[in-house]
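Enquirer: Sequence and predicted model, in that order:
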Amino acid sequence: MALPAGEGAADDNIIENPAEKAAENTPAVSGSSALGRMLHRNAARTAERRRTGELETRRSRRRRSSWRFILPSLIGVSVFFLVPFMVVVYYSLVNNPVQHVFVGTENYVRILQNPAFLTAARNTLVFSLISVPLAVVLSLFLAVVLESRIPFKSYFRSFFLSPMMVPVASVILVWQVLFHSHGLANDLIGIFGLGPIDWPKSDYAMIPICILFLWKNLGYNMILFMAGLSAIPREILEVAKLESATDWQIFWSIKLRYLSSSLMFVTIMSLINSFKVFREIYLLTGDHPYGSLYMLQHFINNNLSSLDYQKVSSAAILMSIVMVCIIALLLMAENRAGRDLES
Amino acid sequence: MEEERKSPVPENGEQQLPAENNSIENVEEENQEKELPAPVVRLSGSQRRRAAAILERRRRQREEAEQQRRLEMALDREQARILHGKRVRRRFVRAALITILAGIFAVLFLMPIVVTFTNSFMAPSEINANYGKVFATGTNGGKVFIADKVNLKFIPDMVTFSQYASVLFRSPEYLLKFWNSVLYVVPIVVFQLLVASLAAFGFARYSGKVRSAVFFIYIAVMLMPYQVTLVPNYLVSGWLHILNTRWAILLPGIFSPFAVYMLTKYMRRIPVSLYEAAEIDGAGEWQVFTQICMPLCRSGLVSIAILLFIDYWNMVEQPLVLLNNSEMHPLSVFLSEINAGEISLAFAVAVIYMVLPMLIFLYGEEYLVEGITYQGGVKE
């Protein structure tokens, strides 16, 4: 904080200087009084500087002491996340935890050739590609629906949000009943003449999971969009309405533009949440699901229990690289969206 | 002025004399002179008629205009009424359509919850009859009737509390697992909030390069999915010899950076002037924290506590990886391991498991919404 203080003092001088010059230039009523004023001003300034200096030292002491507040958390995060993460990086670069022979990228090459890992990565990717756009579009739709003038709005909001609170484990039974080969879902598609599908053990296994994911996450996204919608300045919407813009035009050219930052945030949060879908899959189908549901988390779990550190750590590192890219994307998008609206 | 006034008088006297001499001419002249200003006041017959006509026309025009205006106003009003009616009707139709749509969505959203709830009042035999097929592992005794179809039933044929009774009195392992869940969630929520409010104060109070770099690391850790964080957690638990104990779940949970991030965002909205005022009054940093910052964060703490509660009440990944011993698993994991023999009370267990979060939801929906809204936007 010493630096900004110095800057502040310099600023003061710059501001003072013209005034002093002006005082010198103006014909003094009496020389002694002008000198006295200057002296007085100087004294005041030094006192001021001393006082701010004291404040600064006290503040910097406070600043340093404020790290004490962060310390417990920092130690915890370091011990449980950061340090072991470094060790994971190290493990991914050695041949095994006992011999510690540096092998470079060999583990990565091996994992990228591992069929189980590739299947898991592909499944995770496919699931994200299916569910994230659906989650974003549907939740935006729900938010817009709840923004329009309809009765029982607050009830609808509660209804849409309630799945978020319900533990997945509790509704898993209903999903099992719905998507059984003799279940309701098959009856429904039977109306359209489609054959019964044994959902969890077919290539369509992702559909029930996707529905479960949407059911769980739409409310959360919807709230984010609703917050974004309510932040749009009313005047702009009113002007647009006066200029007889249709609702559709208002939506596309005003609301969506103002929502761009929430849109980005929701997309990336959904993406991150879609990586966590293992929970739903595990609860529905257990440790070893049908091939199309084999996710990265399954891969890691199964290899952890067989203590294959190399595979696990290189998989985790690859995953974290992907995540860092996504987070960087998020921050960049936020910056751009923010600037876009300010200008 | 006096001199000038006096002079015209004799002139007038001189002029009046000849005027009296030729009186006839004068009279005629007078007549003519009187006629001259007359058109301003009096009009001749034709003129008067014309003027009257003009006036009449103007009046009529004015009246017509007035009438026209009134008619137009009436028309406008009528049209407006019609238009308004149309608009109202259109708006009404649209609102009705949207409401119906929202209603459909609401039914879809609520259906699983409601079904779970109503089915928890079914008698075990009915459950077996309806859903036996789903959970049957082949050998089911053969005595029980199992329908060929799997019927999803909303309303039980007969409402009984037998499921709940058997959960409470005959299968204590479920209650044990429920208790496990509580034992994980409550300490994690409480202590994570404690650790996080300290750290968040440190982050929100001052800013600097090091601090923002550390905070960025926190955000990154927070956003990492379990695929990434569980491997480090597993390693640490191994080193600390807490694998397969409760601590393996509790400690990473307590130090998870999620609440730090959320609370920092919340605290940054507290005006600095409040802190400064306390500082000038001689409050130390600890006092500023406990007397100023914490009371202002109360609603934020509740929101974050709810979000944390949902997250950890739902946890599946951590116990699966970190706890081999299924005795210590929370109910969420245990519910997925329900087999055919226990299907008759599964719904009741599911309801018991979701009652607590639902109650919290009913109590704190506003807090939840606030918490989610705060989450929006990673940077700030």
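Expert: Perfect, thanks for sending it. Residues are numbered from 1 along each chain as shown, chains lettered A, B, ... in the order given.

Enquirer: which is the next helix or strand following the helix or strand encompassing B:Y131?
Expert: Assigned by DSSP states H and E, B:Y131 belongs to helix B:124-135. Per DSSP H and E, helix B:124-135 leads on to helix B:162-165 as the next helix or strand towards the C-terminus.

Enquirer: Show me what the next helix or strand after that next one is packed up against.
Expert: Next in sequence after helix B:162-165, counting helices and strands by DSSP H and E, comes helix B:172-205. When contacts are defined as 3 or more C-beta pairs under 8 Å, 6 or more residues apart in numbering or on different chains; DSSP states H and E, helix B:172-205 packs onto helix A:31-77, helix B:209-223, helix B:247-254, helix B:258-267, helix B:298-313, helix B:331-335, helix B:343-375. Heads up, the C-betas are built off the backbone N, CA and C, glycines and all.

Enquirer: Can you add mean pLDDT, mean neighbour count and distance to B:L110 and give those helices back as a markdown table?
Expert: Putting those into a markdown table (pLDDT from 0 to 100; neighbours: other C-beta atoms under 10 Å in any protein chain shown; distance: least, C-beta to C-beta, whole Å) gives the following:
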| stretch | mean pLDDT | mean neighbour count | distance to B:L110 |
| --- | --- | --- | --- |
| helix A:31-77 | 75 | 14 | 39 |
| helix B:209-223 | 89 | 17 | 31 |
| helix B:247-254 | 93 | 22 | 31 |
| helix B:258-267 | 90 | 24 | 28 |
| helix B:298-313 | 92 | 20 | 18 |
| helix B:331-335 | 84 | 24 | 20 |
| helix B:343-375 | 87 | 20 | 12 |
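
Enquirer: Check which helices and strands the helix or strand hosting A:L125 is in contact with.
Expert: In the assignment (DSSP H and E), A:L125 maps to helix A:115-147. The contact analysis (3+ C-beta pairs under 8 Å, 6+ apart) places helix A:115-147 against helix A:153-165, helix A:206-230, helix A:260-275, helix A:296-305, helix B:45-119.

Enquirer: Okay, angle between it and helix B:45-119 too, please.
Expert: Here the directions of helix A:115-147 and helix B:45-119 differ by 140 degrees (axes from the mean of the first three to the mean of the last three C-alpha atoms, to 10 degrees).

Enquirer: Just give the nearest non-adjacent residue to the residue in chain B that chain A sits nearest to, would you?
Expert: Relative to chain A, the nearest point of chain B is B:F255 (2.8 Å; C-beta to the nearest C-beta). Leaving aside its chain neighbours, B:F255 sits nearest to A:G76 (2.8 Å; criterion: C-beta to C-beta, 6 or more residues apart in numbering or on different chains).

Enquirer: Go ahead and confirm the one you found touches B:L251.
Expert: Yes. The pair A:G76 / B:L251 is scored as a contact, 7.4 Å apart, by C-beta atoms under 8 Å.

Enquirer: circling back: next, the buried residues of the helix holding A:L125.
Expert: For helix A:115-147, the neighbour count (16 or more other C-beta atoms under 10 Å in any protein chain shown) marks A:116-117, A:119-121, A:123-124, A:127-128, A:130-132, A:134-136, A:138-140, A:142-146 as buried.

Enquirer: and if you look at stretch B:223-237?
Expert: Residues of stretch B:223-237 classed as buried: B:223-237 (neighbour count, 16+ other C-beta under 10 Å).

Enquirer: from the middle of its chain, how far away would it be?
Expert: Here the centre of stretch B:223-237 is set off from its chain's centre by 35 Å, with C-alpha atoms, centre = their mean, to the nearest Å.

Enquirer: Could you check how far A:I236 is from A:S253?
Expert: As judged by C-beta to C-beta, to the nearest Å, A:I236 and A:S253 stand 10 Å apart.

Enquirer: higher neighbour count, those two?
Expert: Remark: of A:I236 and A:S253, A:I236 carries more neighbours, 14 against 11, as counted by other C-beta atoms under 10 Å in any protein chain shown.

Enquirer: The more buried one is in what secondary structure piece?
Expert: Element membership for A:I236, per DSSP H and E: helix A:234-242.

Enquirer: got a list of contacts for the very next helix or strand once past that helix?
Expert: Counting by DSSP H and E, the next helix or strand C-terminal to helix A:234-242 is helix A:247-249. For helix A:247-249, contacts defined as C-beta atoms under 8 Å, 6 or more residues apart in numbering or on different chains pick out A:A240.

Enquirer: Can you tell me which residue of the stretch 1-150 of chain A sits closest to chain B?
Expert: Residue nearest to chain B within the stretch 1-150 of chain A (C-beta to the nearest C-beta): A:G76, separated by 2.8 Å.

Enquirer: Quick check on A:V94: phi, psi?
Expert: phi -110, psi 170 (degrees, to the nearest 10).

Enquirer: Find me the pLDDT at it, would you?
Expert: A:V94 is assigned a predicted lDDT (pLDDT) of 87.

Enquirer: Tally up the residues packed near the residue nearest to A:H100 when sequence neighbours are not counted, please.
Expert: What sits nearest to A:H100 in space, not counting adjacent residues and going by C-beta to C-beta, 6+ apart, is A:V94, at 5.1 Å. Look at A:V94: counted by other C-beta under 10 Å, it has 19 neighbours.

Enquirer: So which residues on the stretch 1-150 of chain A come close to chain B?
Expert: A:62-63, A:65-70, A:72-74, A:76-77, A:79-85, A:87-88, A:142, A:145-146, A:148-150 (C-beta under 8 Å from any C-beta of the partner chain).

Enquirer: could you redo the last one with a cut-off of 7 Å?
Expert: By C-beta under 7 Å from any C-beta of the partner chain, the residues of the stretch 1-150 of chain A that approach chain B are A:62-63, A:65-67, A:69-70, A:72-74, A:76-77, A:79-81, A:84-85, A:87-88, A:142, A:145, A:148-150.
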